[in-house]
Structures are given as C-alpha cells and as structure tokens.
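Engineer: output the structure for:
(2 chains)
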Amino acid sequence: MKDERIDPLKELDPLRIADRSFASRLIVGTGKYRSHEETVEAVRASGAEMVTVAVRRIDLDASKQESLLHHLDPEEFFLLPNTAGCFTAEDAIRYARLGRETGLSSWVKLEVIGDQETLLPDTEALLQATRVLTAEGFTVLPYTNDDLITALRLEDAGAAAVMPLASPIGSGLGLLNPLNIRLLKSRLSVPVIVDAGVGTASDACLTMEQGVDGILMNTALAAAERPVLMASAMRLAVRAGRAAYLAGRMPTREWAVPSSPSTGMLD
Amino acid sequence: MQVEINGKSREFVAGGSVLALLVELEIDPRLVVVERNREIVRRDDLDRVEVEDGDRFEIVQFVGGG
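Structural biologist: Down below sits the predicted model:
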C-alpha cells in the first residue's frame, strides 16, 4: 500500500451556517460535567468548534469561583449562548440579549420550553422570539420539534438553522423519527441540526446518515461513564455518518445476493 | 446605599458607578453582563452609569449548558 493514501474523509464538507463555516458538524454543550477541566477535555476530544453555554446569575456568596471562560477560550471555540430554562418568548429574548452583551457574537441557540416535564418546545413562543431576535440582528438557531410546519415557519421567521429534536432533551433515546427528520431536511433551505436526544455513537451516526447538516449534543457526553472517550466516539460517529450519507448507501433487498461470482465454480 | 443584586439585598458602601460596584464585589467586568433595572448596561458604560439607591441588578455570566 502506498504511504500517501488519500483519506476520503478529508473531503468531508464543512458545516455552513449564516456567514460562518465549521469544519466539525458536531456541536457540543458544556453542562453537567464534573469539572471545568473535564468539560474542556471532552470538548477538545469531540472536535467541535461550536460550543453552547448558558447564561446564569453569578453566585455572590461563593468564594472566588473560576469562570467557565477561563477554561473555554473564545479564541479556540465559537461560544453559542443558549436560552435554556426560559418558558416565555420575553424571557428567551432577555437571555439572548444578555448573551450577546458578552461581546462574543450575536448568535443564539434559542430555546423556549413549553412543558417542565418533557422540556418540549413552545413553538408559538419560539416563532415569536425568533422574529424579534432576527429583527434585532441575531443569528437565531431555534430548538424545535421534528415538525415540518413549525420548521418551515421558523425558516420564514429568519432562523439561520433549524434544530429539531431526535428525542427529548437529556433522554438518550436516540433518533425516534428518522422519517420526520428526512422530511424536514428535504424541505428546508437553511441547515438542519438535530439537537437533543442522541445517546450513543450509533445514534449520532444514524442521525447523520439521514442527511442532516449536524448534531448538537450535551448529556450523551457528560453523562457517559467516560465523557472524553465518548466525545471521541461521537466525533468519529458524526464523521462516519456524514461520509456514509455522502457515499450513498446500497439499496436494501429482501433476499441474499452473492458477493462472489457464481461462474467459474468447479465441477 | 441599599441595592438588590441577583435577588438579594446588599449594601453598596462606597457608592459610585456600576463599575465601582463590580470592583467592590471583586467581579471581573470582562466576565459578566450587568442588567440595571431590567436594562443592560453596556460594557463601555459601566463606569458612566451611577448606581442609585434601590437599584435592582442582575449580574450574569456564562456557565456550562447544552
């Protein structure tokens, strides 16, 4: 074998959202890790360039805490503030504005949750917040249901990408409805990023094989027994799934077809 | 003077600008965003906006999240 083989995976196309390009199609969250150190190690292992963060009150009573920003260098990662925990459009807009004021970017991962138990999105409030924030110059990436009509309306409202769930946030149930995800992808012009529900590498691979543009995940890494190793697995799975999608899978059939020639057999 | 910060009442002994308040609280202004009475205080304005008695502040930062 030649030493200088061409690695076809090098040809994998970048993820483009709005005016930015990302070599990795994996976006990761930074919640629920055991430490800042583990967070950064896992994020690096995942190969992700875009990394989500939440906006919360500082704890004035705690003795000098280290800021997450001391560990996640905004020069190294593109930080995407979220509006997690918001239950109204008004709150989500408020959090988005606070996130932008850090001066890093005007991008926001928009979440408006409609139900505490399932954390499913309030799509009406989501649309409303998307319109307001888009008008204010935000690049809005809304977390939504795997519902085509809502997705189309979010695109119309100016969303830079649409982020349907694979299954509920933090559930690890994997891709429950590949059909809906493929339908969304076939009908939207903006990128489709599957956000939430992926549990392990096969989920990520299967999701990417549907042709979506990327995956956003958090708990699958943070809640793994070994988050850094799982982050590496997810990096490979997302690349494998993308490559398999681009390669075009063989057709399935009901019965066997021999792989070896049926001619030239001995008498 | 008495102000409210992140839902808790506090004494701002020295008085002065929002930046002075952050300094008193030993908070690095580059790592936080400040809301005063529901209005964001732009970073460039931190030393220009004077704290008034009864002001309500939210001081937030980025934390881990998905």
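
Engineer: buried ones in the helix or strand hosting residue A:245?
Structural biologist: Using DSSP states H and E, residue A:245 falls within helix A:227-247. Of all the residues in helix A:227-247, those buried under the rule 16 or more other C-beta atoms under 10 Å in any protein chain shown are A:227-228, A:230-235, A:237-243. In short, each C-beta sits where N, CA and C put it, glycine included.

Engineer: I would like the residues contacting that helix, please.
Structural biologist: Applying C-beta atoms under 8 Å, 6 or more residues apart in numbering or on different chains, the contact partners of helix A:227-247 are A:8-9, A:12-13, A:24-26, A:28, A:33, A:38, A:41-48, A:198, A:200-202, A:204-211, A:214-215, A:217, A:220-221, A:224.

Engineer: distance from it to the middle of the chain?
Structural biologist: Relative to its chain's centre, helix A:227-247 lies at 13 Å (C-alpha atoms, centre = their mean, to the nearest Å).

Engineer: same thing with stretch A:77-85?
Structural biologist: 12 Å.

Engineer: mind exporting that stretch as CSV, just the C-alpha atoms?
Structural biologist: Provided in CSV are the C-alpha atoms of stretch A:77-85 (Å, rounded to 0.1, in the frame of the first residue of the first chain):
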residue,chain,number,x,y,z
PHE,A,77,-14.1,27.8,20.4
PHE,A,78,-17.1,29.6,19.0
LEU,A,79,-19.3,30.0,22.0
LEU,A,80,-23.1,29.8,21.4
PRO,A,81,-25.1,31.2,24.3
ASN,A,82,-28.5,29.4,24.8
THR,A,83,-31.7,30.5,26.4
ALA,A,84,-32.2,27.2,28.2
GLY,A,85,-34.7,27.3,31.1
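
Engineer: who in chain B is up against chain A?
Structural biologist: Residues of chain B lying close to chain A by C-beta under 8 Å from any C-beta of the partner chain are B:5-8, B:10, B:25-28, B:31-33, B:35, B:40, B:42-43, B:58-66.

Engineer: quick one, which of those residues are buried?
Structural biologist: Listed as buried from the residues of chain B next to chain A are B:5-6, B:10, B:27, B:31-33, B:35, B:40, B:43, B:58-66; burial here means 16+ other C-beta under 10 Å.

Engineer: which residues does whichever residue of the stretch 51-200 of chain A sits closest to chain B bridge with?
Structural biologist: Nearest residue of the stretch 51-200 of chain A to chain B (C-beta to the nearest C-beta) works out as residue A:54 at 2.6 Å. Counting by DSSP bridges, residue A:54 forms beta bridges with residue B:63.

Engineer: for residue A:77, see how far away it is.
Structural biologist: 15 Å (C-beta to C-beta, to the nearest Å).

Engineer: which of the two has more residues huddled nearby?
Structural biologist: residue A:54 (24 against 19; other C-beta atoms under 10 Å in any protein chain shown).

Engineer: show me what contacts the more buried one?
Structural biologist: Applying C-beta under 8 Å, 6+ apart to residue A:54 gives the contacts A:31, A:81, A:82, A:84, A:85, B:62, B:63, B:64, B:65, B:66.

Engineer: looking at those residues, which is nearest residue A:254?
Structural biologist: residue B:66 (41.3 Å; C-beta to C-beta).

Engineer: could you report the pLDDT at residue A:265?
Structural biologist: Listed pLDDT for residue A:265 reads 93.

Engineer: try residue A:1
Structural biologist: 51.

Engineer: cool, the one 4 residues further on as well?
Structural biologist: Model confidence at residue A:5, expressed as pLDDT, equals 69.

Engineer: with the one 3 residues further on instead?
Structural biologist: pLDDT, the model's per-residue confidence, is 73 for residue A:8.

Engineer: ok, now which ones touch residue 14?
Structural biologist: Because you didn't say which chain, this covers chain A. Counting by C-beta under 8 Å, 6+ apart, residue A:14 touches A:21, A:22, A:23.

Engineer: let me rephrase: I mean chain B.
Structural biologist: B:20, B:24.

Engineer: ok, now the one 5 residues further on?
Structural biologist: Residues touching residue B:19, when contacts are defined by C-beta under 8 Å, 6+ apart, comprise B:29, B:46, B:47.

Engineer: and it, which of the three is it?
Structural biologist: Secondary structure state of residue B:19, per DSSP: H, G, I helix; E, B strand; the rest coil, is helix.

Engineer: low-confidence ranges, chain B, go.
Structural biologist: By pLDDT under 70, chain B has no low-scoring segment.

Engineer: and the residue of the stretch 151-267 of chain A nearest chain B?
Structural biologist: residue A:218 (3.0 Å).

Engineer: in this structure that residue contacts residue A:26, no?
Structural biologist: No: applying C-beta atoms under 8 Å, one finds residue A:218 not in contact with residue A:26, separated by 11.3 Å.

Engineer: interface residues of chain A facing chain B?
Structural biologist: Checking chain A against chain B by C-beta under 8 Å from any C-beta, the hits are A:29-33, A:36, A:39, A:52-58, A:60, A:64, A:67-69, A:79, A:81-82, A:84, A:97-99, A:101-103, A:169-170, A:196, A:216-219.
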